[in-house]
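1. Predicted coordinates and the sequence they were generated for:
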Amino acid sequence: MHIAEGFLPPVHAAVWTCVAAPFVVHGARAVVRQVRENPESRLLLGAAGAFTFVLSAIKLPSVTGSSSHPTGTGLGAVLFRPPVMAFLGTLVLLFQAVLLAHGGLTTLGANAFSMAIVGPWVGYGAYRLSTSLGGGLSISVFFAMVFADLSTYCTTSVQIALAFPDPQTGVAGAVAKFLSIFAVTQIPLAIAEGLLGVLVIRVLRSVAMPELIRLGVLKAPKVPAVTDAPSTENRAADA
């Protein structure tokens, strides 16, 4: 993730940009619809983008031309669904490339596909699966964060392997090599990110419960049914 500027061959960079573009455009429309239908969610939407920006800006050097770091996209996918994160994640990557020299403009499409598209969708799938199996909100968010992180790095490994296959074992060998190198730093990071997601969702549950209910993350509490007062006939019969 965060493949450096100019690291991918031009053809690969162009192909990944074309693949990612429809998802980003669809995500931009999803963001506009979200703001129009639920204007009160704008603050939480901005917080999800900021959360992704801060986490994914913390990088540890890894394979040449890349880095290891949390992604933060799993939480946004749970709150607003993956299409929204496709747009927010791409904006985050764009700002990081321009302001922090983290990633790049030519590799923006490849980075967006791995972190802003594949990561949120896999993380959201893990969240829904955990929820359907009876997992609570905290457990489901933990799995969403972990799998969004790991799937991002699996995708990045494939992207780099396609660009630079191993001379002896080809693309498959290169994928295995990059995955094994990434695993040293990325598995602990993914677990730490999952635990952080649990803490954040618990804070949001205490300070932004109405917004979480409106977004469908939490169910509205059941209101006890109010029983009717006894009729005049029933009171007379009791007497």
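-> Now that the structure is in, tell me what you want to look at. Numbering: from 1, shown residues only.
2. quick one: average confidence on the lengthiest helix in the chain?
-> Selection of the longest helix in the chain by residue count, based on DSSP state H, yields helix 170-207. When pLDDT is averaged along helix 170-207, the result is 90.
3. At which residues are the helices of the protein located?
-> 10-37, 42-56, 73-80, 82-99, 108-111, 119-132, 137-163, 170-207, 209-215, 232-238.
4. Roughly how far does P167 sit from V175?
-> 14 Å (CB to CB, to the nearest Å). Any C-beta I mention is one placed from the backbone N, CA and C, and that applies to glycine too.
5. neighbour-wise, which of these two wins?
-> More crowded of P167 and V175, by other CB atoms under 10 Å: V175, with 20 against 8.
6. Among the helices of the chain, show me which one is buried the most.
-> helix 73-80 (a mean of 30; mean count of other CB atoms under 10 Å).
7. Might you list the low-confidence residue ranges for the protein?
-> 1, 61-67, 223-239 (pLDDT under 70).
8. what's the distance between the one residue sitting closest to the centre of it and F53?
-> By CA atoms, centre = their mean, the chain has its centre lying nearest to T73, at 2.2 Å. Between T73 and F53 the computed distance is 11 Å (CB to CB).
9. Repeat that for Q168.
-> Taken as CB to CB, the span from Q168 to F53 is 40 Å.
10. Save the helices of the chain as a markdown table, and put in distance to A4 too.
-> Below are the helices of the chain laid out as a markdown table (distance: least, CB to CB, whole Å):
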| stretch | distance to A4 |
| --- | --- |
| helix 10-37 | 11 |
| helix 42-56 | 15 |
| helix 73-80 | 20 |
| helix 82-99 | 10 |
| helix 108-111 | 10 |
| helix 119-132 | 19 |
| helix 137-163 | 11 |
| helix 170-207 | 15 |
| helix 209-215 | 36 |
| helix 232-238 | 80 |
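11. Which among these is found nearest to I3?
-> Closest approach to I3 among these is made by helix 108-111 (5.6 Å; CB to CB).
12. That closest one packs against which elements?
-> helix 10-37, helix 82-99, helix 137-163 (3 or more CB pairs under 8 Å, 6 or more residues apart in numbering; DSSP states H and E).
13. Okay then, goodbye and thanks.
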